[in-house]
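K.L.:
Any chance you can model this:
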Amino acid sequence: MAEIAVEVAYAGPEGQVVLALRVPSGTTAWEAVERARAELPEGVAPDPSRLGIYAKKVPPGQVLEEGDRVELYRPLTLDPMEARRRRAMRGGT
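P.N.:
Residues are numbered from 1 along each chain as shown. Below you'll find the model as predicted:
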């Protein structure tokens, strides 16, 4: 079976990492995350509902293509609507 080159990326308070992987053709986004799990920063718990490829949210079953970068997204710490309200109250935009 042919292999493809992909990356798994994470950035957060625990650290930042971009892991280059060679995976079999037909590998899904979540399967790539599972392969990379041991090399992610300690304390990172990937969530299959928070995955993307080049900033576009994808389902965990998304089949990867050559050169894809699977990104692990963190939960929001502040609701975007609340952030806008706080900026408006300070007079910011």
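K.L.:
Spatially central residue in this structure, please.
P.N.:
Within the chain, the residue whose C-alpha comes closest to the C-alpha centroid is Leu72; the distance, by Cα atoms, centre = their mean, is 1.7 Å.
K.L.:
give the contact list for that residue.
P.N.:
The contact partners of Leu72, taken as Cβ atoms under 8 Å, 6 or more residues apart in numbering, are 8-10, 33, 40, 44, 46-47, 50-51. Where C-beta positions appear, they are placed from N, C-alpha and C, glycine not excepted.
K.L.:
What about the residues you listed, which are in strands?
P.N.:
Under the assignment DSSP state E, these contribute 8-10, 51 to strands.
K.L.:
neighbour-wise, which of those leads?
P.N.:
Ranked by neighbour count (other Cβ atoms under 10 Å), the ones in strands among the contacts of Leu72 have Val8 at the top, with 26 neighbours.
K.L.:
who's in contact with the closest residue to that residue other than its chain neighbours?
P.N.:
Distance criterion Cβ to Cβ, 6 or more residues apart in numbering; nearest residue to Val8, sequence neighbours excluded, is Ala36 at 3.9 Å. When contacts are counted by Cβ under 8 Å, 6+ apart, Ala36 is found next to 8, 19, 21.
K.L.:
What residues sit buried inside the host helix or strand of Ala36?
P.N.:
Here Ala36 is covered by helix 29-36, with elements defined by DSSP states H and E. Within helix 29-36, the residues that qualify as buried by neighbour count (16 or more other Cβ atoms under 10 Å) are 29-33, 35-36.
K.L.:
Tell me the one of those residues nearest Val63?
P.N.:
Ala29 (8.1 Å; Cβ to Cβ).
K.L.:
tell me the contacts of that closest one?
P.N.:
Listed by Cβ under 8 Å, 6+ apart, the contact partners of Ala29 are 51, 53, 58-62, 64, 68, 70.
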